[in-house]
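**Student:** okay, structure incoming, though there's no sequence with it:
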């Protein structure tokens, strides 16, 4: 389910199609009324009763201006990550050192949207504090929470969800059986058969998940056989007294009954799959869960059997086919895994797989599979977080935690996860690792931490991490870590406008990379940054030479992320040479790539330069709109333009000329219009072809200033800029 905005375009992060939804008309109406009258509504009920599905159906009917957004909290184990989960679900990218709560408050302050917090019961305190804070400071926000317990926040409206009615339960069972191509009913005695179905649903207390599990058995067993086997289990548990079994135990009993009907291999895999914190793929299941009675070759067949029995669900994602276990079912399997005494070993295998996956992804980031890697890591975040928690919680595994946090540098830096990455990196480097392997992992975590802090505009901790990295790397004769520490220290000098020092450090780092045979996206970014120092000092031909070399290497290796920054420098050079058409082509490529990777820095730099190109094309009003859009993006990157005079030069040049042509009042109108654009809208606007009409605010006092916006710009692309005014 995805929300449809009032203009009919999809908006939000919810799937467009819902699973078949049965019954619940009165509950759906009650929930709709609650959402109309209260800003915080919580759907409560026992596990498996259908809370998430009801909430999804109700949310699909809402049309807030800024969409409906679902936050899945079941995989979140640490209360500190609740805010990060919401930031992630909203698709926000924040490169600053701000806490995620501050990012959320800034984003939601003027928006009208519905936020669905699904699975709050194990994080009630954190979710309650978040809801109270957001609702108190974002008047257009409504929250729909889903969990077994209320949040206990003032003004909360509760919608308790009870099990299905007998008619609804039978309908659900029939629909699910039909989806498995199982026909229920006998030609000569349909009433008797429906009586058996009604009795089966009654025994399952009308709990949808229990009915789903029972439906998974139909085909192999008749309704009568299912009922008989289930009834035997109930009598065993209650001594024959059906009323002695509380409803909240019915689901667990039904899960246990389904578990008993599984083959030994199916029960074993069920227990082992419980170590996954979120969706997983077949390869992960084969590695983590094989061995000790279950070969890797058998995992697919056994997994398919669990899928057919509704123990697992299958979903299509940008990262491919993945499998998911509902939280209640996963918890049952986890109990069995603990009882088997195998939980510690499985958690370590899970950790090993995801450490290996991060290693593979880091290598493949420098390849044509960059976008595939980005999607894969995004899909694996719940499991990667679980692996990080496992490593950092065990003193003997701290070096693995440092390694894993460092290996994911490309995700933290290149895919808009700076804030979360910094949290993991800081936690990792606080741990002591005496062993040699641990020291190497710590050095990598330190330079990655320094890199992240630089991009957040937080120079003091960045310098501290890089100095520690270099000193320890020199003592341990680690040339790779020395090169990276030197490289990132050069970046720090670059954004601080110490251009000669930046050039010296970057040249030295590139020489070190060459000596040790290092070539990857980081190395190419070092060369782009060196090109920026040359551009800032007025040597554009040298900057172009360096970036053309980077561009060629990137194209040879299929690299897109670092290539985008090289295109940015080349676009600036094209603008400076009076070639706005070529500059726009280069910037369109650059911006499209940065936006796909959620690289906010690359995006905003491209939008700023596109504003200058747009001015050169003679459209000062549109240039002002783009400057306003960039102005809204910069606070989520760090200090505007890092506080750097060199990086700020295109902005200042564009604003001065646009104000001269438009007048201050009209400039502010257009910039204000741009500042109201969301990130996707701003990118779409920046990529618009010249001459294509775009909406602009109506001029105030147009009669007094009829020609102010029509004056022709002088050729802003003429190569007359001083070296200190160029930007890379």
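**Tutor:** Nice, I can see it. As the structure is a computational prediction, the values presented were derived from the model and not from experiment.

**Student:** what's the neighbour count on residue 679?
**Tutor:** Using other C-beta atoms under 10 Å, residue 679 is surrounded by 20 other residues. In short, each C-beta sits where N, CA and C put it, glycine included.

**Student:** that one and residue 633 touch, don't they?
**Tutor:** Yes: taking contacts as C-beta atoms under 8 Å, residue 679 lies within contact range of residue 633: 6.7 Å.

**Student:** between the two, which contacts overlap?
**Tutor:** Residues touching both residue 679 and residue 633 by C-beta atoms under 8 Å, 6 or more residues apart in numbering: residue 603.

**Student:** can you list the weak-confidence ranges in the stretch 551-700 of the chain?
**Tutor:** The model of the stretch 551-700 of the chain has pLDDT under 70 over residues 638-642, 691-694, 698, 700.

**Student:** mind doing that once more with 80?
**Tutor:** Within the stretch 551-700 of the chain, the stretches with pLDDT under 80 are 635-643, 689-700.

**Student:** would you map the helices across it?
**Tutor:** Applying DSSP state H, counting those that start in this stretch to the stretch 551-700 of the chain gives helices spanning 561-576, 580-596, 600-616, 620-633, 645-662, 664-675, 679-686.

**Student:** again with the stretch 101-250 of the chain
**Tutor:** 124-137, 166-179, 190-203, 208-215, 223-238, 247-261.

**Student:** in terms of secondary structure, what does the second one contact?
**Tutor:** With contacts defined as 3 or more C-beta pairs under 8 Å, 6 or more residues apart in numbering; DSSP states H and E, the secondary structure elements packing on helix 166-179 are helix 190-203, helix 208-215.

**Student:** and those helices, which is most packed in?
**Tutor:** The highest mean neighbour count among the helices and strands packed on helix 166-179, using mean count of other C-beta atoms under 10 Å, belongs to helix 208-215: a mean of 26.

**Student:** tell me the contacts of the residue lying closest to residue 326 once chain neighbours are set aside?
**Tutor:** Spatially, and ignoring its direct neighbours in sequence, residue 326 is nearest to residue 209 (6.8 Å; C-beta to C-beta, 6 or more residues apart in numbering). Counting by C-beta under 8 Å, 6+ apart, residue 209 touches 47-50, 251, 254, 326, 328-329.

**Student:** which one of the residues you listed is nearest to residue 668?
**Tutor:** Of all the contacts of residue 209, residue 668 sits closest to residue 50, with 51.9 Å by C-beta to C-beta.

**Student:** what about the nearest residue to residue 591 once chain neighbours are set aside, how many residues close to it?
**Tutor:** Leaving out its chain neighbours, the residue that sits closest to residue 591 by C-beta to C-beta, 6+ apart is residue 606, at 3.9 Å. For residue 606, the neighbour count with other C-beta under 10 Å is 30.

**Student:** would you confirm that residue 606 contacts residue 568?
**Tutor:** Yes: using C-beta under 8 Å, residue 606 is in contact with residue 568, at 6.1 Å.

**Student:** got any residues that touch both of those two?
**Tutor:** Contact with both residue 606 and residue 568 is made by residues 587, 590, according to C-beta under 8 Å, 6+ apart.

**Student:** what residues sit buried inside stretch 301-312?
**Tutor:** If you call a residue buried by 16 or more other C-beta atoms under 10 Å, then stretch 301-312 has these buried ones: 302-303, 305-306, 309-312.

**Student:** what about that stretch, distance to the chain center?
**Tutor:** Offset of stretch 301-312 from its chain centre (C-alpha atoms, centre = their mean, to the nearest Å): 28 Å.

**Student:** then stretch 537-545?
**Tutor:** 37 Å.

**Student:** same question, stretch 491-498
**Tutor:** Stretch 491-498 sits 30 Å away from the centroid of its parent chain (C-alpha atoms, centre = their mean).

**Student:** buried residues, it. List them.
**Tutor:** Neighbour-count burial for stretch 491-498 [16+ other C-beta under 10 Å]: 491-497.

**Student:** ok, stretch 290-298 next?
**Tutor:** Of the residues in stretch 290-298, 290, 294 count as buried by neighbour count, 16+ other C-beta under 10 Å.

**Student:** tell me the contacts of residue 219?
**Tutor:** 177, 180-182.

**Student:** in those, find the pair that's most separated.
**Tutor:** Most distant of those, by C-beta to C-beta, are 177 and 181, 8.6 Å apart.

**Student:** compare these two (neighbour count), which wins?
**Tutor:** More neighbours surround residue 177 than the other of residue 177 and residue 181, with 21 against 7 (other C-beta under 10 Å).

**Student:** okay but that one is in contact with residue 217, surely?
**Tutor:** No: using C-beta under 8 Å, residue 177 is not in contact with residue 217; the gap is 9.9 Å.

**Student:** wouldn't residue 561 be in contact with residue 601 here?
**Tutor:** No: at 11.2 Å, residue 561 does not count as touching residue 601 under the criterion of C-beta under 8 Å.
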